[in-house]
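# Here's my sequence, what's the structure:
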Amino acid sequence: MGLIVTGGASLQCSFGMAPSVLMVLPANKVMVSQFVATIMDNKPFVNIMPFGMCTTPSNPTVAAATAAALGVLTPMPCVPVTVAPWVPGYPTVLVGVFPVLTDSSILMCMWGGVIKVNFAAQVKAQV
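As a prediction, this is how the structure comes out:
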């Protein structure tokens with residue numbers, strides 16, 4: 001199914017202009033090379049850091065800036081809004097009660113972006 005994702009993994013949003021890093025808190029106390037991520041590591045500004053500038057017109061700040069620029073797309077700072085867990089995870093490998101996050105999982109941003117794992121940060125264990 002893929003590599004297990006840990007803290008420090010590189011993430012990319014389809015509407016972001018820069019990569020970001022996944023932050024995994026030590027709440028579950030499961031480590032390999034870093035703390036192991038679960039599908040619930042989806043909180044903006046706790047687990048999911050901004051992706052530089054956002055380019056989607058469905059983001060209200062981008063829409064307002066674009067309107068002010070007379071329709072010229074104007075990127076604005078990224079503020080990720082992720083309300084659902086990562087999908088699909090790996091349902092047979094649990095950390096606590098939640099499936100671990102794999103490098104094939106995706107996370108949807110409320111503004112329409114798809115967040116993917118570029119680099120899992122864990123290269124020794126596979127599931």
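# tally of neighbours for G8?
Per other CB atoms under 10 Å, the neighbour tally for G8 reads 17. Yep, even glycine has a C-beta here, placed from its N, CA and C like the rest.
# Could you list the paired strands of the helix-or-strand element of the chain with minimal mean pLDDT along with their orientation?
When the helices and strands of the chain are scored by mean pLDDT, DSSP states H and E, strand 90-95 comes last with a mean of 91. Paired neighbours of strand 90-95 in the sheet (DSSP bridges): strand 98-100 (antiparallel).
# what distance separates the strand it pairs with from the centre of its chain?
Mean-position distance between strand 98-100 and its chain equals 15 Å (CA atoms, centre = their mean, to the nearest Å).
# The helix or strand just after it - contacts with which helices or strands?
Using DSSP states H and E, the helix or strand that follows strand 98-100 in sequence is strand 106-108. Judged by 3 or more CB pairs under 8 Å, 6 or more residues apart in numbering; DSSP states H and E, strand 106-108 is in contact with strand 114-119.
# what does the strand it packs on rub up against?
The contact list for strand 114-119 (CB atoms under 8 Å, 6 or more residues apart in numbering) reads 5, 9-14, 19, 22, 48, 80, 82, 101-109.
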